[in-house]
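**Student:** sequence-free structure coming up:
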C-alpha cells in the first residue's frame, strides 16, 4: 500500500546539454589571436579579420585576448601605412612620367634626352 501523504522525491533540474562548459582557465580564442598577430604583420587585412574573430570568441567565453587586440591594431596601422606608401609612390611616378612626356614633346621618337641625370629614349 502506498502512503498518500508522502512527499515526492526531490526533483532536480535537467542538465543543460546545449553548452559544454569550457575548462577553467582555457581561452578558446588565444591561439587564434596569436595566429592573427603573425598574419597581421604579413597579410594585414587577413590578420585583422582573424584577430576580430579571435577577440569575439574570447569575449563570448568571458576572457580577454591581448594578442587578438594587438593583431587588430597592428593590422589596421600597417594597412594604412602601406596604403599611404602606395599613394605617394603612384603620385611620384605619375608626376615623373608626366615630366618625361613634356620633356620628350617635340623630340623625334627614339632620340634620347637627359632626364634627372639619366639618358632616356623618348617614346
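**Tutor:** Received the coordinates, thanks. Predicted, not measured: the structure shown is a model, and the values here were computed from it.
**Student:** The residue most central in space within the chain is in what secondary structure piece?
**Tutor:** The residue lying closest to the centre of the chain (C-alpha atoms, centre = their mean) is residue 48, at 1.7 Å. Assessed by DSSP states H and E, residue 48 sits inside helix 44-60.
**Student:** Checking residue 28 next. Helix, strand or coil?
**Tutor:** coil (DSSP: H, G, I helix; E, B strand; the rest coil).
**Student:** okay, now it: neighbour count?
**Tutor:** Counted with other C-beta atoms under 10 Å, residues neighbouring residue 28 total 15. For every residue, glycine as well, the C-beta is placed using N, CA and C.
**Student:** how many other residues sit next to the residue nearest to residue 72 when sequence neighbours are not counted?
**Tutor:** Excluding the flanking residues, the one nearest residue 72 by C-beta to C-beta, 6 or more residues apart in numbering is residue 51, at 4.3 Å. By the criterion of other C-beta under 10 Å, residue 51 has 29 neighbours.
**Student:** Could you pull up the residues touching residue 51?
**Tutor:** Each residue near residue 51 by C-beta atoms under 8 Å, 6 or more residues apart in numbering is listed here: 33, 36-37, 40, 67-72, 75.
**Student:** For residue 93, give its distance to residue 114.
**Tutor:** Per C-beta to C-beta, to the nearest Å, residue 93 is found 19 Å from residue 114.
**Student:** Residue 48 too?
**Tutor:** In terms of C-beta to C-beta, residue 48 sits 46 Å off from residue 114.
**Student:** got it, and residue 66?
**Tutor:** For residue 66 relative to residue 114 (C-beta to C-beta), the value is 56 Å.
**Student:** between the two, who's got more neighbours?
**Tutor:** residue 66 (13 against 9).
**Student:** hang on, the more buried one packs against residue 33?
**Tutor:** Yes - under the criterion of C-beta atoms under 8 Å, residue 66 makes contact with residue 33 at 7.4 Å.
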